[in-house]
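1. no sequence on this one, just coordinates:
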């Protein structure tokens, strides 16, 4: 019997059952349930042979498996990067950075932007002879620039890498101030001064508007009405030739405050272009200084940290690169507006209305400040009739100031008729333009032929009406939602829904909202500032064209370089204020001012 059973019986029960018995009942049953393969490629119980994949199917499956593997590895890398960034931010939140090293790092980032812009030539700065003291043909450091419209890859890396690094440093400083309130304002102002220096000595960046300002100032000094003619009337002079030809025959849209100062600057410069440009940039620097001086008063009035408000409003990369680097007169307008609001909080409505009227004499949007002060003049419990009367009184004071300015300067009221002169161009990236393109596409789909320019006229008018209606509602509700919040949102809406949008237009609302922004609104302001800073260095179309001229490998290297610079700055620990470097810090957290806690409602309802 043992011989009949064969080796299985001879080896005993455990050896006879083999691995199935050793693995237990469940595994044994599982093994027995699987049909054994047969020689002809079929399984027991199958009705036919299993189909073999064709070479094409095999390749498709391999490609799918490879793409799935790459996707999983990429997701794992991103998750690891997120964890590292989160850990770095948590570590940074626990330590106060060295303000001096932040200032030096920001100055280096700004210098990289300036160097890249000069090397990029017409893509970022004017490359006409005599356009600046250096970096232009015939002047010192002329070899750094290029006359080609194709910016080199290193130039693009310098400009956008520097702006990205500056934005990251700004973000780190903001996070530190939000979590360590009470840092002296003078300490963060020193950091901002270090950041300003490279942009203050640079050629006019990313725009040639300041050359048009110089031409209009020359017209005023020669008693030529700037509301009837453009700089082209000056003929073959550097005041005309350096300006953008687009504005050569465009009347000035600016008010008597700016044009009177513009004419005075031209006279002080001896009708020399370069000293004129320096003085015009000095006006922008004065405007940003007024912003930095007025924001602490506004922040304290609503129980916010003044140092954080100054960094958010006056130290943002969009302010540095456009208001200082580009020398736009929006800096003077916003500075006078903030000074007017601060004077209102400190000394009463009349002084605030006068300063806001001076800001309106630079650019018309500042008139909303006069309306805001008039509407809230009588206090939070005033009746509507009293509010309307006070608003009319504020308007009368503002009109008197502007009338006096117009008479003294001799330019008159022509700016009221030329206020829309800047709308003759389109940046192509505004919500108005996007709506026009969407509507045109939808109408073409249903077979309705319509020209894009006609639709843009309609969407531009609609956007302006929406901005006016919503802005009016915000100012009406300002006693309830907060004066600064209402004004800032109204200015931001006016910029976004206006017929034309330039990056520096957003500073109108971003600066006004800086003292009161918290939570989601604060995050929106930060990301909007960073995005418009990058767009303001060139148009979106210009960015696409710049990258489209390179090979794919060069594009990838530039993008990876910008990303590496940003990541390095965000995760760098050398900025931390520790050990022997502690003495280099310009400021230390001190006791919080006697105001409402950060993030809680202050004495005025601005939350």
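-> Arrived safely, thanks for sending. Please read these numbers as outputs of a predicted model, since none were measured by experiment.
2. quick one, helices of the stretch 401-550 of the chain?
-> 431-445, 452-476, 478-481, 483-496, 507-513, 519-536, 540-548 (DSSP state H, counting those that start in this stretch).
3. tell me the most buried of those?
-> Ranked by mean neighbour count, these are led by helix 507-513 with a mean of 27 (mean count of other Cβ atoms under 10 Å). For every residue, glycine as well, the C-beta is placed using N, CA and C.
4. So which other helices or strands are in contact with that one?
-> Secondary-structure packing of helix 507-513 (3 or more Cβ pairs under 8 Å, 6 or more residues apart in numbering; DSSP states H and E): helix 306-314, helix 330-347, helix 483-496, helix 519-536.
5. how far is it from where the chain is centred?
-> Relative to its chain's centre, helix 507-513 lies at 11 Å (Cα atoms, centre = their mean, to the nearest Å).
6. Name the residues that touch that helix?
-> With contact meaning Cβ atoms under 8 Å, 6 or more residues apart in numbering, helix 507-513 is reached by 291, 295, 313-314, 316, 318-319, 322-323, 330-331, 333-334, 337-338, 341, 365, 484-485, 487-495, 521, 525, 528-529.
7. switch the cut-off to 6 Å
-> 291, 313, 319, 330, 334, 365, 484, 487-488, 491-492, 495, 525 (Cβ atoms under 6 Å, 6 or more residues apart in numbering).
8. and what of stretch 358-374?
-> Here stretch 358-374 makes contact (Cβ under 6 Å, 6+ apart) with 255-258, 329, 332-333, 336-337, 340, 344, 349, 352-353, 356, 390-391, 394, 398, 402, 405, 419, 475, 483, 487, 490, 494, 508.
9. Of those, select the buried ones using a ChimeraX command.
-> Typed into ChimeraX, the line below selects the buried ones among those, using 16 or more other Cβ atoms under 10 Å:
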select :255,256,257,258,329,332,333,336,337,340,344,349,352,353,356,390,391,394,398,402,405,475,483,487,490,494,508
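10. Can I take it that residue 236 is in a helix?
-> No. Counting by DSSP: H, G, I helix; E, B strand; the rest coil, residue 236 is located in no helix; its state is coil.
11. Give me the pLDDT for it.
-> On the pLDDT scale, residue 236 is placed at 81.
12. Pull the number of nearby residues for it.
-> Counted by other Cβ atoms under 10 Å, the residues lying close to residue 236 total 6.
13. Can you name the residues that contact it?
-> Contacts of residue 236 by Cβ under 6 Å, 6+ apart: none found.
14. Now do the same contact list for residue 125.
-> 117, 203.
15. Which pLDDT value goes with it?
-> Per the predicted model, pLDDT is 86 at residue 125.
16. Make sure it is indeed in a helix.
-> No. Residue 125 is assigned coil when assessed by three-state DSSP, not a helix.
17. Got the phi and psi for it?
-> phi -140, psi 170 (degrees, to the nearest 10).
18. Packing partners of the helix or strand hosting residue 277?
-> Assigned by DSSP states H and E, residue 277 falls within helix 273-301. If you count contacts as 3 or more Cβ pairs under 6 Å, 6 or more residues apart in numbering; DSSP states H and E, helix 273-301 packs onto helix 209-221, helix 256-268, helix 306-314, helix 330-347.
19. Tabulate the ones you listed in CSV, adding columns for distance to residue 154 and mean pLDDT.
-> Below are the helices and strands packed on helix 273-301 laid out as CSV (distance: least, Cβ to Cβ, whole Å; pLDDT from 0 to 100):
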stretch, distance to residue 154, mean pLDDT
helix 209-221, 26, 92
helix 256-268, 36, 93
helix 306-314, 30, 95
helix 330-347, 30, 95
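20. Just send these back as a markdown table, with distance to residue 465 too.
-> Shown next, in a markdown table, are the helices and strands packed on helix 273-301 (distance: least, Cβ to Cβ, whole Å):
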| stretch | distance to residue 465 |
| --- | --- |
| helix 209-221 | 28 |
| helix 256-268 | 28 |
| helix 306-314 | 29 |
| helix 330-347 | 24 |
